[in-house]
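Asker: Quick one, fold the following:
(2 chains)
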Protein chains: 2
Amino acid sequence: MTVLLDGKKLATTVRSKLKERTATLRAKGIIPRLVVIMVGDNSASAVYVRNKKRAATEVGIEAVDLHLPGTTSQDELLALIDQYNQDPKVHGILVQLPLPQQIDEKVVTQAISPLKDVDGFHPMNVGQLFMGTPQAFPCTPRGIMELLAAYDIEVAGKNVVIMGRSNIVGRPMAALMVNHDATVTITHSKTQNLAAITRQADILVVAIGRGEFVTKDFVKPGAVVVDVGMNHNAEGKLVGDVKRDDMLDHASYLTPVPGGVGPMTIAMLMQQTVEFAERS
Amino acid sequence: MTVLLDGKKLATTVRSKLKERTATLRAKGIIPRLVVIMVGDNSASAVYVRNKKRAATEVGIEAVDLHLPGTTSQDELLALIDQYNQDPKVHGILVQLPLPQQIDEKVVTQAISPLKDVDGFHPMNVGQLFMGTPQAFPCTPRGIMELLAAYDIEVAGKNVVIMGRSNIVGRPMAALMVNHDATVTITHSKTQNLAAITRQADILVVAIGRGEFVTKDFVKPGAVVVDVGMNHNAEGKLVGDVKRDDMLDHASYLTPVPGGVGPMTIAMLMQQTVEFAERS
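Answerer: Numbers count the residues shown, from 1 in each chain, chains lettered A, B, ... in the order given. Here you go, the predicted structure:
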């Protein structure tokens, strides 16, 4: 029997713990505050921002939601970020990507103070993570670690294979897993004999953005499969990067899509914001 | 026939190219300048500093060699670093480790401007490297990449296994290899069935600091073996982490110890200094 790793349920638990922590902070006069900046109109971004705002409010974080016109210049955005960097009442700053083409994402990412970088994307925070001394965590890999821990799935000494080398999931996931004593293999589009490598995984993390790409052939019987994908198939149905039916009674554990990694990502964003407020 | 990767010879070539670049800089009135700071007395450090200074002078870099007393306070060291950070005539700053116990290595590493961080140890530079947009390179992994390239050893699509997860070699090596399209596995002291994993390597990089630990059993016939180790065996002889005799007629390529990775490390330090001077 394959156990589904219930990220939705765990995220609820995380949120209720965060509610207690924000209550403690508020009792001390500290209101945890997250600034979410969106530039221009993008319907997907609007949904993400709305979800983040709702999650924040629910756990007792004040979300300041700034929607700037698509014509905003890079300098205007940087000036705004700087203002929030200086403001001790703001604990987290998040700029929703993508940005309009007149604005350089890299410059903006580096403009956010590492101390308020709730996404964990600032090179300073990436560096600290890879050096084994993390100060901030990218939300998706952190959510995966929490999910595995909640089901007592040990990673130390295990063979972990990661499919995908993005800066948001694959690379920081590798760093976190190495920091937790896993033996880690990073695969990507240039990997040869991919299935032969992924079949050696005790834990397989898939973040490649290709709907139902990973079939039974890629997975050792009894492996733990973490599916980070969110894709729409030909019928418009939401599917992961992993073929779910192939995994049932084959994998030992599987994160469902939806309801697996996704809810944990937003929960970790809130946790990071609360941690920053506690440190302030 | 196992081909020995001659780092000593390649380092000579690198140095002669650097000499031309420093001559061009000097013709423009720019003297590439590297500040090497040593605190306290440590005979190993003194040798390293002397070697770095000699290498610098040889390629036309002016080396400013500062030997501070072992009683130097952290604040005094930081003030000195800040002075060199501000000084436009200085292009590279290197603080020789280890430092006396009253000084926090982490604080010092982060105090050096990322733009003058010739060792590539600043978290900012580590982050950029891991994000695939390097601004500075740790010398040993970079030297290894240059050595492989000089012998036309392709890494893209190859299975690269790295033994050791230090911040100086293993981790940045993994980042560089992923950036160059290799499939990368990081192993360490907690890895189980280590030899079964290392035997899958097309290219095996060994940086574990254990003399002659890697025998034939760890290596697939025909693999490329990069030995980063520098150890003294029971007879006081300098040996690598790899049992050299086991590799001959077994590995396709091997870096000898000494004369393999070591000379490339110092050459890359000089190259980084020249690059910083050219950017200034």
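
Asker: Neighbours of residue A:20, how many?
Answerer: By the other Cβ atoms under 10 Å in any protein chain shown criterion, the neighbourhood of residue A:20 contains 12 residues. For glycine as for every other residue, the C-beta is placed from the backbone atoms N, C-alpha and C.

Asker: now swap in the one 4 residues further on and tell me
Answerer: Here the number of neighbours of residue A:24 (other Cβ under 10 Å) works out to 13.

Asker: List the buried residues in stretch A:7-24.
Answerer: By neighbour count, and taking 16 or more other Cβ atoms under 10 Å in any protein chain shown as the criterion, the buried residues in stretch A:7-24 are A:7, A:10-11, A:14-15, A:18-19, A:21-22.

Asker: Also stretch A:168-177?
Answerer: Judged by neighbour count (16+ other Cβ under 10 Å), stretch A:168-177 contains these buried residues: A:168-177.

Asker: distance between that stretch and the chain's centre?
Answerer: 10 Å (Cα atoms, centre = their mean, to the nearest Å).

Asker: Other residues contacting it?
Answerer: Contacts of stretch A:168-177 with the rest of the structure, by Cβ atoms under 8 Å, 6 or more residues apart in numbering or on different chains, involve A:120-121, A:126, A:129-130, A:134, A:137-138, A:140-142, A:144-145, A:155, A:160, A:162-165, A:184, A:186, A:188, A:205, A:207, A:228, B:130-131, B:171, B:174-175, B:178, B:186.

Asker: what does stretch A:272-280 give?
Answerer: Everything outside stretch A:272-280 that qualifies as a contact, by Cβ under 8 Å, 6+ apart, is A:18, A:21-22, A:25, A:30, A:32-34, A:56, A:59, A:61, A:88, A:91-92, A:115-116, A:118, A:120, A:136-137, A:139, A:142.

Asker: Drop anything exposed from these.
Answerer: In those, the ones that pass as buried (16+ other Cβ under 10 Å) are A:18, A:21-22, A:25, A:30, A:32-34, A:56, A:59, A:61, A:91-92, A:115-116, A:118, A:120, A:136-137, A:139, A:142.

Asker: Next step: the residues you listed restricted to strands.
Answerer: A:33-34, A:92 (DSSP state E).

Asker: Sort out which one of these lies nearest chain B for me.
Answerer: Within the set of those, residue A:92 lies nearest chain B; the separation is 18.9 Å, counting by Cβ to the nearest Cβ.

Asker: wait, the closest one sits on residue A:118?
Answerer: Yes: judged on Cβ atoms under 8 Å, residue A:92 makes contact with residue A:118 at a distance of 3.8 Å.

Asker: intersection of neighbour lists for those two?
Answerer: Jointly contacting residue A:92 and residue A:118 under the rule Cβ under 8 Å, 6+ apart are A:34, A:272-273, A:276.

Asker: gap between the top helix by length along chain A and the chain center?
Answerer: Among all segments of chain A classified by DSSP state H, the helix with the greatest residue count is helix A:7-27. Shown here is helix A:7-27, whose average C-alpha point lies 17 Å from the average C-alpha point of the whole chain (Cα atoms, centre = their mean).

Asker: hmm, who's touching that helix?
Answerer: In contact with helix A:7-27 (Cβ under 8 Å, 6+ apart) are residues A:31-32, A:55, A:58-61, A:143, A:146-147, A:150, A:255-256, A:258-264, A:266-268, A:270-271, A:274, A:277-278.

Asker: one more time with 7 Å
Answerer: Residues lying outside helix A:7-27 but in contact with it, judged by Cβ atoms under 7 Å, 6 or more residues apart in numbering or on different chains, are A:32, A:58-61, A:146-147, A:150, A:255, A:259-264, A:267, A:270-271, A:274, A:277-278.

Asker: So how do I select the buried members of these in PyMOL?
Answerer: In PyMOL syntax, the buried subset of these is picked out as below (16+ other Cβ under 10 Å):
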select buried, chain A and resi 32+59+60+61+146+147+150+255+259+260+261+262+263+264+267+270+271+274+277
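
Asker: Chain A: helices as residue ranges?
Answerer: The residue ranges that make up the helices of chain A, judged by DSSP H, are A:7-27, A:43-59, A:74-86, A:105-111, A:123-130, A:139-150, A:170-179, A:194-198, A:244-247, A:261-279.

Asker: where do the strands sit along the stretch 151-280 of chain A?
Answerer: Counting by DSSP state E, counting those that start in this stretch, one finds strands in the stretch 151-280 of chain A at the ranges A:159-163, A:183-187, A:203-206, A:224-227, A:231-232, A:238-239, A:253-254.

Asker: Quick check: mean pLDDT of stretch A:16-29?
Answerer: When pLDDT is averaged over stretch A:16-29, the result is 98.

Asker: Just the CA atoms of that stretch, as CSV, please.
Answerer: These are the backbone C-alpha positions of stretch A:16-29, laid out as CSV (Å, rounded to 0.1, in the frame of the first residue of the first chain):
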residue,chain,number,x,y,z
SER,A,16,-2.0,26.3,13.8
LYS,A,17,1.5,26.2,15.4
LEU,A,18,2.3,29.5,13.6
LYS,A,19,-0.9,31.0,15.0
GLU,A,20,0.4,30.4,18.5
ARG,A,21,3.7,32.0,17.7
THR,A,22,2.2,35.1,16.1
ALA,A,23,-0.1,35.4,19.1
THR,A,24,3.0,35.4,21.4
LEU,A,25,4.7,38.0,19.2
ARG,A,26,1.6,40.2,19.1
ALA,A,27,1.4,40.0,22.9
LYS,A,28,4.9,41.5,22.9
GLY,A,29,3.7,44.3,20.6
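
Asker: Distance check, residue A:31 against residue A:88.
Answerer: Here residue A:31 is placed at a distance of 11 Å from residue A:88 (Cβ to Cβ, to the nearest Å).

Asker: Residue A:3 now?
Answerer: Separation of residue A:3 from residue A:88 (Cβ to Cβ): 45 Å.

Asker: now do residue A:56
Answerer: For residue A:56 relative to residue A:88 (Cβ to Cβ), the value is 19 Å.

Asker: And for residue A:147?
Answerer: Distance from residue A:147 to residue A:88, counting by Cβ to Cβ: 33 Å.

Asker: Please apply the same query to residue A:228.
Answerer: In terms of Cβ to Cβ, residue A:228 sits 35 Å off from residue A:88.

Asker: Please state the backbone phi and psi of the spatially closest residue to residue A:1 that is not a sequence neighbour?
Answerer: In this structure, residue A:1 finds its nearest non-sequential neighbour in residue A:249, 6.9 Å apart by Cβ to Cβ, 6 or more residues apart in numbering or on different chains. Torsion angles at residue A:249 (phi, psi; degrees, to the nearest 10) stand at phi 60, psi 20.

Asker: Thought residue A:216 was touching residue A:249, still the case?
Answerer: No: between residue A:249 and residue A:216 there is no contact under Cβ atoms under 7 Å: 10.2 Å.

Asker: In contact with residue A:231, which residues?
Answerer: Here residue A:231 is in contact with A:209, A:211, A:239 (criterion: Cβ under 7 Å, 6+ apart).

Asker: buried subset of those?
Answerer: Buried members of the contacts of residue A:231, scored by 16+ other Cβ under 10 Å, are A:211, A:239.

Asker: just the contacts of residue A:231 now: which is nearest chain B?
Answerer: Where these are concerned, and distances follow Cβ to the nearest Cβ, chain B has its nearest neighbour in residue A:209, at 17.0 Å.

Asker: can you give me phi and psi for the closest one?
Answerer: Here the main-chain torsion angles of residue A:209 (degrees, to the nearest 10) amount to phi 70, psi 30.
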